[in-house]
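Chemist: The following comprises the amino acid sequence and a computationally predicted model.
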Amino acid sequence: MHTRIMSKLVAIFLSLFLASPVLAYVPPSFFMIKTMASKHAGYKGIRIRSTVKAIENGQDTEIFFKETSVFDAQTNLIVSRAFDENGKLLYTVQRNLSSSPVLSQVIFSTNPNLIAETLKSNSIPVRTEEELLVMKDETERVTSESTGLKRYKNTLAWVLGLNSQKGSLEPQLWIEKDSFLPVRLILSSQEGMRDISLENYRYYKDYPFPKIISLAGYAGIKTELNDVLINPESGETRKKTVPGYTDEGNSASSAIRELIRRYYSLLR
């Protein structure tokens, strides 16, 4: 049912834009989200190991920790652990994907409705299938969308949330035009605008994951991917976890603790 509705909406948008030599075809926003989410379908889970670094003035610092995250697609749980350079556990967090930062939902979720609602709650407009179908005609459907096509670094990307003046940061999701993979996420927070880039995608059993995720700004964060395991058998998300800092974590430097706090509040 929903597939037929979306196919009809895409056909409507396409016919309208092909009829106009001035406009370029931009898919409906929910179609973009749905296509992006489908990239994660068919997997039981994923385990990711990364190095998380603090960035100052665009440069790497010596402040870092190792991080392992396991996402269970059946329970929608994420368990993530932070370790020091010697492998000592510093911090653990377990939460449902729906209560995780927007970035985690964008790169893990197979549920386009969850992603759409989360984006809308973060001021990135998405028009659902139902919202588009009740509009009176194709022109109203097209003009109701806040989307466009722009260049980002060396690629073209669909932009959701393209509203305001040139040059100003606003809440947006950028999705690479041909692959429908997210390449940029801009969000508003208490710390100001967050500008997150996702680069150098690699495929692991057809599961795409960015090798580098960067949070821009004076006090930035960069994660560098170490390895990915698709469908891990460890059952880590089902093991009992003790959330929060360990004794080693409480004894860590204030800089490491601040990096851990910002990483788990903004990215993971």
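Modeler: That came in fine, so what should we check first?

Chemist: Contacts only, for the residue nearest to Phe83 when sequence neighbours are not counted.
Modeler: Computed as C-beta to C-beta, 6 or more residues apart in numbering, the closest residue to Phe83 that is not its neighbour in sequence is Lys66, at 4.4 Å. In this view, the C-beta of every residue, glycine as well, is placed from N, C-alpha and C. For Lys66, the set of contacting residues under the criterion of C-beta atoms under 8 Å, 6 or more residues apart in numbering consists of Arg49, Ser50, Thr51, Val52, Ala82, Phe83, Asp84, Glu85, Gly87, Asn226.

Chemist: Tell me if the second one really is in a strand.
Modeler: Yes - inclusion of Ser50 in a strand is indicated when DSSP: H, G, I helix; E, B strand; the rest coil is applied.

Chemist: In the sheet, which residues pair with it? Tell me.
Modeler: Assessed by DSSP bridges, Ser50 has beta-bridge partners Glu67, Leu225.

Chemist: The residue lying closest to Ser100 once chain neighbours are set aside sits in which helix or strand?
Modeler: Counting by C-beta to C-beta, 6+ apart, Ile78 is the residue found nearest to Ser100 once chain neighbours are left out, at 5.8 Å. Of the helices and strands defined by DSSP states H and E, Ile78 is found in strand 77-83.

Chemist: Report the angle between the helix or strand following that strand and strand 77-83.
Modeler: Moving toward the C-terminus from strand 77-83, the next helix or strand (DSSP H and E) is strand 89-96. Going by axes from the mean of the first three to the mean of the last three C-alpha atoms, to 10 degrees, strand 89-96 is angled at 170 degrees with respect to strand 77-83.

Chemist: In terms of secondary structure, what does the next helix or strand along the chain from strand 89-96 contact?
Modeler: Tracing the chain past strand 89-96, the next element assigned as helix or strand by DSSP H and E is helix 102-108. When contacts are defined as 3 or more C-beta pairs under 8 Å, 6 or more residues apart in numbering; DSSP states H and E, helix 102-108 sits against helix 112-121, strand 182-189, strand 207-215.

Chemist: And the contacts of Lys66, which is closest to Leu181?
Modeler: Proximity to Leu181 was ranked across the contacts of Lys66 by C-beta to C-beta; first place goes to Ser50, at 17.8 Å.

Chemist: need the helices and strands packed on helix 102-108 in a markdown table with mean pLDDT, mean neighbour count and distance to Pro28, can you?
Modeler: A markdown table is the format used below for the helices and strands packed on helix 102-108 (pLDDT from 0 to 100; neighbours: other C-beta atoms under 10 Å; distance: least, C-beta to C-beta, whole Å):
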| stretch | mean pLDDT | mean neighbour count | distance to Pro28 |
| --- | --- | --- | --- |
| helix 112-121 | 95 | 18 | 11 |
| strand 182-189 | 94 | 20 | 17 |
| strand 207-215 | 96 | 18 | 22 |
